[in-house]
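Novice: Fold the following.
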Amino acid sequence: MSAAKQWATTFVYGVVPETVAEAAARCQDGLAKVRRGQTPANTLVTIVTLGMFSPITILVTCATPHEKPAIDVPADATLDERRNALADAVDESLKTHRWVVVRYTAG
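Specialist: As a prediction, the model looks like this:
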């Protein structure tokens with residue numbers, strides 16, 4: 001699933017950006033990719049307003065459950081267990097060339 005926001009508000013040439021969270025709010029399984037850019041219409045508005053209003057287009061691609069492997073670490077895990085979980089995540093990421101989420105769960 002993808003979500004797009006065509007006229008995300010930024011000001012002063014993008015120095016004051018709108019958060020991606022609004023565009024990503026519909027993603028239940030997290031984000032796979034976020035792209036920001038300007039369309040020709042966005043650029044024209046930026047020029048006409050001398051950069052004071054700089055709209056951008058945000059395209060968010062949502063992750064699917066199979067795109068987001070996860071390793072759960074319990075809250076009471078020892079330091080070695082936490083290190084092993086991070087090492088496992090790195091190994092999995094190197095093997096699959098995908099992001100791996102490490103979740104620290106509450107008691």
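Novice: What residues does the residue nearest to the spatial centre of the chain make contact with?
Specialist: By Cα atoms, centre = their mean, the mean C-alpha position of the chain lies nearest to Leu31, the distance being 4.8 Å. Contact criterion Cβ atoms under 8 Å, 6 or more residues apart in numbering gives Ala24, Val60, Thr61, Cys62, Ala63 as the residues in contact with Leu31. For the C-beta atoms, the positions are set from N, CA and C on the backbone; glycine is no exception.
Novice: before we move on, what about Pro69?
Specialist: Contact criterion Cβ under 8 Å, 6+ apart gives Glu92, Thr96, Arg98, Val100, Val101 as the residues in contact with Pro69.
Novice: Could you do Leu44 as well?
Specialist: Contacts of Leu44 by Cβ under 8 Å, 6+ apart: none found.
Novice: Quick check: phi and psi on Thr105?
Specialist: Its backbone dihedrals place Thr105 at phi -90, psi 150, with angles given as degrees, to the nearest 10.
Novice: In terms of helices and strands, where is Arg36?
Specialist: Applying DSSP states H and E as the criterion places Arg36 in strand 31-37.
Novice: List the strands paired with that strand, with their directions.
Specialist: Paired strands of strand 31-37, with direction, are strand 56-62 (antiparallel) (DSSP bridges).
Novice: Beyond the strand it pairs with, next helix or strand please.
Specialist: Proceeding C-terminally, strand 56-62 gives way to strand 70-74 as the next helix or strand, assigned by DSSP H and E.
Novice: May I see the buried residues of that next one?
Specialist: For strand 70-74, the buried set under the neighbour-count rule, 16 or more other Cβ atoms under 10 Å, comprises Val73.
Novice: And the contacts of it?
Specialist: Contacts of strand 70-74 with the rest of the structure, by Cβ under 8 Å, 6+ apart, involve 81-82, 85, 88-89, 92, 100-105, 107.
Novice: Val102 touches Ala89, doesn't it?
Specialist: Yes: taking Cβ atoms under 8 Å as the definition, Val102 is a contact partner of Ala89 at 5.0 Å.
Novice: neighbour-wise, which of those two wins?
Specialist: Remark: of Val102 and Ala89, Ala89 carries more neighbours, 18 against 14, as counted by other Cβ atoms under 10 Å.
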